[in-house]
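Novice: Can you look at this prediction? I've put the sequence above it.
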Amino acid sequence: MSSPTPTPDLPFTGERFVPGARGEIWVEHWHRYHFASRFAAGKRVVDAACGEGYGSALLARVAAHVTGADLSAQAIAHARATYGDRPNLAFVEASCDRLPLDDACADLFVTFETVEHITTQEAFIAEIARVLRPEGVLLMSCPNKLEYSDRRNFANEFHVKELYREELERLVAGRFPHARWYGQRPSFFSVIAPEPKAELGHLVEVGEEDPADDTPALASPLYFLVAASRSAASLGMLPATLSVLADRGDWVHRDYEKVMKMMQDAAHHGERLQATLDERERTMVSTMSELARAHAEIETARERHQAAQAAREAERRAHVEAIAQRDHEILRRRGLRWWLRLPFVRLGLLDEGRR
């Protein structure tokens, strides 16, 4: 089974996991379903709050039948469209505390990261007890409020009621008196695994590009550890078990988170700087455009001023010329000769031009 990438109809919002979401979240979610596969072989399984459907499809590889249920109509439509070709897999749109399933119809009830999202937690556990056969098994996960929220000072906006260990224990024990507890922590671990696979323990190795394609051994170990002897009996004393060394202080993972946060902060800072640069560039372009318009207006005003100045100069010259002509006429009329000729001009005996 190949795992699909997120599609536009069901994007990753943070409320539910979808295949292709980046970061350690994919390790957490895929590990739970691979772990659940050990319980699902040949069983009738219910996967409540199945979301996108990838986990139900993974369980259907080994189960007799799997029913995935989710309250989201969009998620169920996506699951049916993506995984609906599997004959032993069905999806129903329903609330996890009101499932349209018969009493005692399931051997295994799987529900991961569900209970903290709802207020009807007691009703949910009661519904699980109704659907499971008396000898059936419930496999659920829930964040540890002490570690998940309190110590990290973190608040998940999609969580309605997170639980401490004792609260979860009381909730489950009310319907299921027998329990085996497991802990999950995504971190940096050192793993020593026997070849070709472990006889004891559980190891699945997957890749981010296809988390459903799992192998029971380390494909490319960084180091080899060899136990050798001249006696086969001596080697038989060393069982082919899986060995995991965990970092109790989790300092490597915390350092990783610190570096990732620094990188995210640097990326956000770069985005802010780029946004500031883009805004300044837009402002500069706008300013240059305004300057160009202002320059054009100044040039137009200058041309108009020059035209007006030329018109005034032409008007002044015409006025000066008129004054000169008038002065000339005045001077001409001051002479005795002009006045003596004037009566003859008026009688028409002489031309005006000959005055």
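Specialist: On my side now, so go ahead.
Novice: roughly how far apart are residue 256 and residue 186?
Specialist: Residue 256 is 10 Å from residue 186, where distance means C-beta to C-beta, to the nearest Å. To be clear about C-beta, it is placed using only N, CA and C from the backbone, and glycine gets the same treatment.
Novice: what do you get for residue 134?
Specialist: Counting by C-beta to C-beta, the gap between residue 134 and residue 186 amounts to 35 Å.
Novice: okay, and for the chain, where does confidence drop off?
Specialist: Scanning the chain for pLDDT under 70 picks out 1-25, 228-231, 234, 236-238, 332-336, 338, 350-355.
Novice: Longest helix in it, please.
Specialist: For the chain, the longest helix by residue count, based on DSSP state H, is helix 251-333.
Novice: If you count neighbours, what's buried in the very next helix or strand once past that helix?
Specialist: Along the chain past helix 251-333, the next helix or strand (assigned with DSSP states H and E) turns out to be helix 336-346. Buried residues in helix 336-346, counted by 16 or more other C-beta atoms under 10 Å: residue 341.
Novice: And for stretch 192-210?
Specialist: 193, 194, 198, 201, 203, 204, 206.
Novice: can I see the domain layout of the chain?
Specialist: 1-186, 188-229+236-246, 247-329 (automatic domain parsing).
Novice: Centre of the chain to the shortest one, how far?
Specialist: Once both centres are worked out by C-alpha atoms, centre = their mean, to the nearest Å, domain 188-229+236-246 turns out to sit 34 Å from its chain's centre.
Novice: ok, residue 134 and residue 186, which is more surrounded?
Specialist: residue 186 (13 against 6; other C-beta atoms under 10 Å).
Novice: didn't that one look like it was pressed against residue 28?
Specialist: Yes: between residue 186 and residue 28 there is a contact under C-beta atoms under 8 Å: 5.3 Å.
Novice: nearest residue to residue 113 other than its sequence neighbours?
Specialist: residue 141 (5.7 Å; C-beta to C-beta, 6 or more residues apart in numbering).
Novice: What number of residues are in the vicinity of the one you found?
Specialist: 18.
Novice: shouldn't it be in contact with residue 35?
Specialist: No: using C-beta under 8 Å, residue 141 makes no contact with residue 35, being 9.4 Å away.
Novice: contact partners of whichever strand or helix holds residue 108?
Specialist: Assigning secondary structure by DSSP H and E places residue 108 in strand 106-112. Residues from elsewhere that reach strand 106-112, judged by C-beta atoms under 8 Å, 6 or more residues apart in numbering: 29, 32-33, 36, 39-40, 43-49, 55, 59, 63, 67, 96, 128, 131-133, 135-141.
Novice: go on, stretch 135-152?
Specialist: Residues lying outside stretch 135-152 but in contact with it, judged by C-beta under 8 Å, 6+ apart, are 32, 36, 39, 104, 106-116, 128, 132, 154-156, 159, 162-165, 167-168, 172, 176, 184.
Novice: same thing with stretch 187-204?
Specialist: By C-beta under 8 Å, 6+ apart, stretch 187-204 touches 31, 34-35, 38, 214-218, 221, 225, 239-247, 250, 252-253, 256.
Novice: The strand ranked longest in the chain pairs with which strands, parallel or anti?
Specialist: Secondary structure of the chain per DSSP state E: the longest strand is strand 132-141. Each strand paired with strand 132-141, and its direction, by DSSP bridges: strand 106-112 (parallel).
Novice: Three-state assignment for residue 69, please.
Specialist: Secondary structure for residue 69, judged by DSSP: H, G, I helix; E, B strand; the rest coil, is strand.
Novice: Please report the distance of it from residue 331.
Specialist: Using C-beta to C-beta, residue 69 is found at 121 Å from residue 331.
Novice: And the helices in the stretch 1-150 of the chain?
Specialist: 25-40, 54-59, 73-83, 121-131, 145 (DSSP state H, counting those that start in this stretch).
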